[in-house]
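> What follows is a protein structure lacking sequence information:
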């Protein structure tokens with residue numbers, strides 16, 4: 001497993017990271033998946049206080065005991081659960097962030113977080129205040145680095161340009177190439193992209209046809225267009241899953257591709273796909289089939 005530096009100042013993280021939201025709600029099963037990932041060289045583990053109302057952080061915390069020093073631990077903040085209410089509310093206030101970091105540290109069973117991320121954001125947020133509290137948490141040693149998880153250019157660009165953030169987590173895949181417009185700008189701020197959704201809900205795996213049949217299209221692709229595209233993918237050399245991971249990692253602004261695993265078998269499929277990634281020429285052949293689109297909203 002190769003590694004890449006996260007931003008200019010962050011740690012070296014594995015090219016494949018484990019998205020922990022998919023971990024089974026069973027501590028022993030979750031621990032086996034995390035152990036297998038670490039044994040394979042994966043060192044970047046991403047969770048959020050939102051997932052399972054903190055339960056996901058607890059599962060990851062139990063799984064990392066004894067191996068914390070070998071793990072780059074990333075979690076997120078900004079979504080607040082209110083007792084007695086359905087769903088969650090957006091709260092990027094410094095007070096909420098400061099309370100939440102201590103709650104996350106307790107659930108994770110650690111005294112520091114490697115990468116603390118703002119979990120979203122809007123153009124109306126006081127980003128200066130958010131950055132200020134993140135910087136305070138760095139000085140206090142509660143977090144090592146920080147970043148953001150956002151697809152909105154009018155949020156992540158000012159956040160990155162006015163801070164020492166090392167990362168932006170954003171959806172990026174062969175079927176969602178909207179981030180490409182902004183990769184150069186992100187890199188110029190000294191940050192990296194952590195790519196979520198690199199296999200597009202399984203549409204870029206061996207289960208592509210079955211997944212496409214069960215879905216009414218994907219993003220701008222209609223159901224018919226999607227099935228036609230997957231058929232065209234099948235005419236290209238090598239496993240689709242491998243091409244999907246290679247496409248995301250082809251751009252050096254991307255530090256890691258985050259994939260989930262609800263079983264050891266799924267993790268093995270990901271690792272096998274990573275080990276058989278194709279060359280640049282093959283990647284371009286796959287990319288030539290897909291649409292180069294742009295984010296139409298959240299630009300100003």
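Nice, thanks for sending it over. If you're wondering where the values come from, they're calculated on a predicted model, not measured in any experiment.
> can you pull out the helices in this protein?
Counting by DSSP state H, one finds helices in the chain at the ranges 27-39, 55-63, 94-108, 127-139, 153-161, 183-188, 208-214, 223-233, 240-250, 264-275, 280-287.
> From the chain's centroid, how far away is the fifth one?
Its chain's C-alpha centre lies 17 Å from the corresponding centre of helix 153-161 when counted by CA atoms, centre = their mean, to the nearest Å.
> just checking, what packs against that helix?
Packed against helix 153-161 by the contact rule (3 or more CB pairs under 8 Å, 6 or more residues apart in numbering; DSSP states H and E) you find helix 127-139, strand 143-149, strand 167-171, helix 183-188. C-beta here means a position set from N, CA and C on the backbone, and glycine is covered the same way.
> contacts for the third one?
Outside of strand 167-171, the residues within contact range by CB atoms under 8 Å, 6 or more residues apart in numbering are 6-7, 10, 46, 115, 117, 145, 147-151, 156, 159-160, 179, 186, 191-197, 255, 258.
> Adding mean neighbour count and distance to residue 65, write the helices and strands packed on helix 153-161 out as a markdown table.
Below are these laid out as a markdown table (neighbours: other CB atoms under 10 Å; distance: least, CB to CB, whole Å):
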| stretch | mean neighbour count | distance to residue 65 |
| --- | --- | --- |
| helix 127-139 | 17 | 23 |
| strand 143-149 | 24 | 19 |
| strand 167-171 | 25 | 25 |
| helix 183-188 | 16 | 34 |
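> Find me whatever residue is spatially closest to the residue nearest to the spatial centre of the chain, sequence neighbours aside.
Nearest residue to the geometric centre of the chain (CA atoms, centre = their mean): residue 196, 3.7 Å. Using CB to CB, 6 or more residues apart in numbering and skipping the chain neighbours, the partner closest in space to residue 196 is residue 258 (4.9 Å).
> How much space separates the one you found from residue 119?
14 Å (CB to CB, to the nearest Å).
> next one: residue 163
Shown here: residue 163 relative to residue 119, a distance of 16 Å by CB to CB.
> What separation is there between residue 78 and residue 178?
Taking CB to CB as the measure, residue 78 falls 22 Å from residue 178.
> When those two are compared, which one has more neighbours?
residue 78 (25 against 20; other CB atoms under 10 Å).
> Need the pLDDT of the closest residue to that one other than its chain neighbours.
Spatial nearest neighbour of residue 78, excluding adjacent residues (CB to CB, 6+ apart): residue 119 at 4.2 Å. Predicted confidence (pLDDT) for residue 119: 93.
> State the number of residues packed around residue 119.
21.
> for it, what are its contacts?
Residues in contact with residue 119 (CB under 8 Å, 6+ apart) are 48, 49, 50, 76, 77, 78, 79, 149.
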